[in-house]
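Visitor: Here is my input, please return the structure:
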Amino acid sequence: MNTRIAISDLFTRDEITELTTKSDLHGGWAVFSTWAVIGGTFATVAGFWEYLPNWGKLLLCIAALIILAGRQLALAIIMHDASHQSLFKTKWLNDTLTDWLCARPIWNDLHKYRAHHLRHHSKTSTMDDPDLSLVTGFPTTKKSLMRKFIRDLSGVTGFKFAVGRVLMDVEKMEWTVSNDRRWIYQEGRRWFDYPKTFLKNSGGAIVTNAALFSALWASGHPKLYALWVLAYLTPFPLFLRVRSMAEHAGMETSHSALTNTRTTKAGYIARALVAPIHVNFHKEHHLMATVPYFKLPKMHQMLRDKGHVDEAPTYWQVLNELSNQAE
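Guide: As a prediction, this is how the structure comes out:
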């Protein structure tokens, strides 16, 4: 098993200092631009709806679902960066603002996610990695991968996730973002403990989604909230799956981020859907998780110039590599 590499072997002290300098401005732009696209998507659907024939409305809804799911993933990635204290320089902006504007609207919790995710970084690709179940079973066949994608787009994966999140928020199951189920001992709990616990844990998601629904209601288009829910249950799980596959599936079991993590080349479409906020530079992120998102491309180029990493594959190349087993 490869040993964990020392970051001082890759960069000088001055380079590390420059790469890890955080910015409230860039953090704010990540949050603002993501919500601007979400708001613009709702506004576009509302503005064109009455002028389109039925087939045009269907195409508009499909496009909106894809865009909204991509921005839901962006909110998740912003939360991910905040969990490493790398999004904002100011702690309140990083921990509180990001939790309420990014984590809660997608039924998540920054502080719970941080505890879970830091274990993933310390145990990447090992049997103790809490996210291991997300990337096991690869490479697989193209038919198997297509079945996974169909479950995602049909809402099966999203429904299972929603049920799992309810079980976690009533504290029948341990909190996780993976597919593992660890049940919590329930003896002594009374029936009213469950709704009370659910409101305690899901209150933030309820409040922020109520605020989003209220904003749409005030604009005269409350039905558009259904697009937010449908995006969360259908394309969003697919985008999450592709992102997870690209980052760690099919990589070596080792202690080195140079071999257990993958960086993927992302064009405009990939960045809009499965690789927002430069999350595709995942090898760089695992090498030094305190580097803010806007400096990851520079870090990647520095590693290329020093000969530590090769040219990254595209998402299509990764998907093809991970589904190349014979039937």
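
Visitor: Please count neighbours and contacts with C-alpha atoms only from this point.
Guide: Will do.

Visitor: Report pLDDT for the residue nearest to M288 when sequence neighbours are not counted.
Guide: Beyond its immediate neighbours in the sequence, the residue positioned closest to M288 (CA to CA, 6 or more residues apart in numbering) is I7, lying 7.2 Å away. Among the per-residue scores, I7 shows a pLDDT of 90.

Visitor: What residues of the helix or strand containing W217 count as buried?
Guide: Applying DSSP states H and E as the criterion places W217 in helix 193-218. Neighbour counts using 16 or more other CA atoms under 10 Å place Y194, F198, N201, S202, G204, A205, I206, T208, N209, L212, F213, L216 of helix 193-218 among the buried residues.

Visitor: before we move on, what about stretch 42-61?
Guide: F42, A43, V45, A46, W49, K57, L60, C61.

Visitor: List the contacts of the host helix or strand of the second one.
Guide: When elements are defined using DSSP H and E, A43 is found to belong to helix 24-48. Around helix 24-48, the neighbours that count as contacts under CA atoms under 8 Å, 6 or more residues apart in numbering are 60-61, 64, 67-68, 71, 74-75, 78, 87-90, 93, 98, 101-102, 221, 224, 277, 294.

Visitor: Out of these, which sit inside helices?
Guide: L60, C61, A64, I67, L68, R71, A74, L75, I78, T98 (DSSP state H).

Visitor: Switch these over to TSV, and while doing so, append distance to V177 to every line.
Guide: What follows is the ones in helices among the contacts of helix 24-48, written out as TSV (distance: CA to CA, whole Å):
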residue	distance to V177
L60	31
C61	28
A64	25
I67	23
L68	20
R71	18
A74	16
L75	15
I78	16
T98	18
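
Visitor: Closest one of those to L287?
Guide: Out of those, the one with the shortest distance to L287 is I78. That distance is 18.5 Å, counting by CA to CA.

Visitor: what sits against that closest one?
Guide: With contacts taken as CA under 8 Å, 6+ apart, I78 has the following neighbours: A30, V31, L87, T98, C102, I277.

Visitor: Could you do A272 as well?
Guide: Contacts of A272 were listed using CA under 8 Å, 6+ apart, and they are I67, G70, R71.

Visitor: The helix holding W217 - contacts with which helices or strands?
Guide: helix 156-169, helix 225-233 (3 or more CA pairs under 8 Å, 6 or more residues apart in numbering; DSSP states H and E).

Visitor: repeat that for 10 Å
Guide: Using 3 or more CA pairs under 10 Å, 6 or more residues apart in numbering; DSSP states H and E as the contact criterion, the neighbours of helix 193-218 among helices and strands are helix 24-48, helix 156-169, helix 225-233.
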